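# fold the following, please.
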Amino acid sequence: MGKTNEVFEVYKKIDLLILISDYEGFSNVISEALASGLPIITSAIPENEYLVADAVNGFVVDHKEVLSIANGIEKFMNLPITGKRKMSNNNRKKSEEIFDKNSLYNKYINLIQKL
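Residues are numbered from 1 along each chain as shown. Got it, this is the predicted structure:
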């Protein structure tokens, strides 16, 4: 599809984000998917597991096992539409909790005061 500045418009056109990697920092792609309300399948690495809770807002899979990845996709595909919507809603809610500027500000202030 090429480069775009309309990330959220692209996310509106897809049903599921799959990000499989051996290593990931705090993923912008997963963060954008959360904010877009997209269900996610991702690797079982700590940074991703902070953002994606297995069977709550996506599926966490073993990135070194093809069958694990395939099972994650199959689980998503077999969800009823209500289950997929619930995952979407859970992602949007989680993004609002994590990325709310007042919440972030308060966390930084609390951390600074502790130090």
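
# show residues contacting stretch 14-23.
By Cβ atoms under 8 Å, 6 or more residues apart in numbering, the residues outside stretch 14-23 that reach it are 11, 27, 29-30, 33, 38-43, 45, 48, 58, 61, 63-64, 69, 73, 76, 84. The C-beta positions use only the backbone N, C-alpha and C, and glycine is treated the same way.

# looking at those, which are in helices?
Of these, the ones assigned to helices by DSSP state H are 11, 29-30, 33, 48, 69, 73, 76, 84.

# could you pick out the buried ones from the residues you listed?
Among those, those classed as buried by 16 or more other Cβ atoms under 10 Å are 11, 30, 33, 48, 69, 76.

# now pLDDT and distance to residue 107 too, for those, in CSV please.
Listed next are those as CSV, based on pLDDT from 0 to 100; distance: Cβ to Cβ, whole Å:
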residue, pLDDT, distance to residue 107
11, 89, 26
30, 96, 19
33, 95, 22
48, 96, 21
69, 98, 33
76, 98, 32
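
# would you point out the most distant pair within the residues you listed?
11 and 69 (20.9 Å; Cβ to Cβ).

# grab the most central residue of this structure for me.
residue 30 (4.2 Å; Cα atoms, centre = their mean).

# show me what contacts it?
17, 19, 24, 40, 42, 48, 51-52.

# likewise residue 99?
31, 35.

# since we're on residue 38, how many residues are nearby?
21 (other Cβ atoms under 10 Å).

# thought it was touching residue 88?
Yes. Assessed by Cβ atoms under 8 Å, residue 38 is found in contact with residue 88 at 6.8 Å.

# which helix or which strand is home to residue 15?
Per DSSP states H and E, residue 15 falls between elements, in no helix or strand.

# so what's residue 40 closest to, chain neighbours aside?
residue 58 (3.5 Å; Cβ to Cβ, 6 or more residues apart in numbering).
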